[in-house]
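1. Give me a model of this one.
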Amino acid sequence: MLDAHNDTNAIPAVDLFAGCGGMSLGFEQAGFDVLAAFDKWEPAIEVYRKNFNHPIFAQDLSDVKASIGVIAPYAPSVIFGGPPCQDFSTAGLQDESRGRAALSISFAEIVTSIKPQWFVMENVATIRNTSAFKAVCDLYRKAGYGLTCKVLDAAYCGVPQSRKRMFIVGGIGETDGFLEEALQAGLSDNPMSIRDYLGNSLGVDHYFRVPTNYNRRGIFSIDEPSMTIRAVDRPIPPGYKGNPNDSAPISEARCLTPKERSYIQTFPEEFDFFGGKSDINTMIGNAVPVNLAKYVALTLSHHIVNHDGE
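-> Down below sits the predicted model:
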């Protein structure tokens, strides 16, 4: 089981829509004291419970009133989380009518009712094009939060994967954009490749990922960032004919295993994923990369320390 931080000076926080724990682990590694986590999906709850010392509770976070009742007693200084984002993604065709968009509103309503000093909300980059994005920002600002809304590419934040995500970071009494400069300043100059992170441990120089359509490449080199890890696991189709942009012939590539994809999501080797194959793939593909969460958490932590020292 992964060790939680017990530093009495650590910043108390809770994780909403915790999934299997990518954000929790990143925040713990950044020195936050994660007091508890909340989610609804039982397979992810079981995996989370196996890997962390602090509790996770089954809670339907769309029931805002009930959720406030169980979260508020923890009196967190920070609430963080990533409401399910499929309806904002390009894979989900950005259809806000299917229900999950409302979970971002639920997250905002919980935050603005409990009013921690700080919050971090993660979602896909395309949320910025939606009415839900405007609605949650309006809720936060009306509650007194200054906001930094920043799209980060995980490949520049210590993750060997091209994965763009929107982070909305709020602080009561802050001015808009208060964390923008610090988030930008810490980015690496070059994107991280798989080989940069994992060396030669995969035993291959090329891997196959089923393309969204066969006009696109399917074979990639480990000397570049991974494509975005998805919540699917498909074998190489029989008779795959290749693509002019493939990095190698199909004979030199293989699919990555779920465990290998968890490494690319920067979960440590000892993190124990278990359950049905489909559930494991969904947990890994939908997780926030640990190092991406850690990058944001460290940036916020430094700001909080400087803020408290003023």
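2. Might one say that G26 is in contact with A287?
-> No. Contact criterion C-beta atoms under 8 Å: G26 and A287 do not qualify, at 10.1 Å. Where C-beta positions appear, they are placed from N, C-alpha and C, glycine not excepted.
3. Let me see the ranges of the strands in the stretch 201-310 of the chain.
-> Remark: strands assigned in the stretch 201-310 of the chain by DSSP state E, counting those that start in this stretch are 206-208, 219-221, 254-255.
4. The stretch 51-200 of the chain now?
-> When assigned using DSSP E, counting those that start in this stretch, the strands of the stretch 51-200 of the chain occupy the ranges 56-58, 78-81, 118-124, 145-153, 164-172.
5. Now tabulate those strands in JSON lines and tack on mean pLDDT.
-> Below are the strands of the stretch 51-200 of the chain laid out as JSON lines (pLDDT from 0 to 100):
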{"stretch": "strand 56-58", "mean pLDDT": "98"}
{"stretch": "strand 78-81", "mean pLDDT": "98"}
{"stretch": "strand 118-124", "mean pLDDT": "97"}
{"stretch": "strand 145-153", "mean pLDDT": "98"}
{"stretch": "strand 164-172", "mean pLDDT": "98"}
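6. Out of these, the one nearest Q184 is which?
-> Set against Q184 and scored by C-beta to C-beta, these come closest in strand 145-153, at 7.8 Å.
7. by contact count, what packs against the closest one?
-> helix 131-142, strand 164-172, helix 180-185, helix 290-308 (3 or more C-beta pairs under 8 Å, 6 or more residues apart in numbering; DSSP states H and E).
8. Can you tell me the strand partners of the second one and which way each runs?
-> In the sheet containing strand 164-172, the strands it pairs with under DSSP bridges are strand 118-124 (antiparallel), strand 145-153 (antiparallel).
9. follow-up on the earlier one: F274 is nearest to which of the strands of the stretch 51-200 of the chain?
-> In terms of C-beta to C-beta, the element of the strands of the stretch 51-200 of the chain nearest to F274 is strand 56-58, at 15.2 Å.
10. May I see the buried residues of the closest one?
-> Using 16 or more other C-beta atoms under 10 Å as the test for burial, strand 56-58 gives I56.
11. hey, which of the strands paired with strand 164-172 is tucked in deepest?
-> strand 118-124 (a mean of 25; mean count of other C-beta atoms under 10 Å).
12. that older thread, can you redo the helices and strands packed on strand 145-153 as JSON lines with distance to F80 and mean neighbour count?
-> Compiled in JSON lines, those are given as follows (distance: least, C-beta to C-beta, whole Å; neighbours: other C-beta atoms under 10 Å):
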{"stretch": "helix 131-142", "distance to F80": "14", "mean neighbour count": "16"}
{"stretch": "strand 164-172", "distance to F80": "9", "mean neighbour count": "22"}
{"stretch": "helix 180-185", "distance to F80": "15", "mean neighbour count": "13"}
{"stretch": "helix 290-308", "distance to F80": "8", "mean neighbour count": "21"}
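13. Nearest to A154, out of the ones you listed?
-> Here helix 290-308 is closest among the helices and strands packed on strand 145-153 (C-beta to C-beta), at 4.5 Å.
14. Show me what the closest one packs onto, helices and strands only.
-> Helix 290-308 sits against helix 22-29, strand 78-81, strand 118-124, strand 145-153, strand 164-172, helix 180-185, with contacts defined as 3+ C-beta pairs under 8 Å, 6+ apart.
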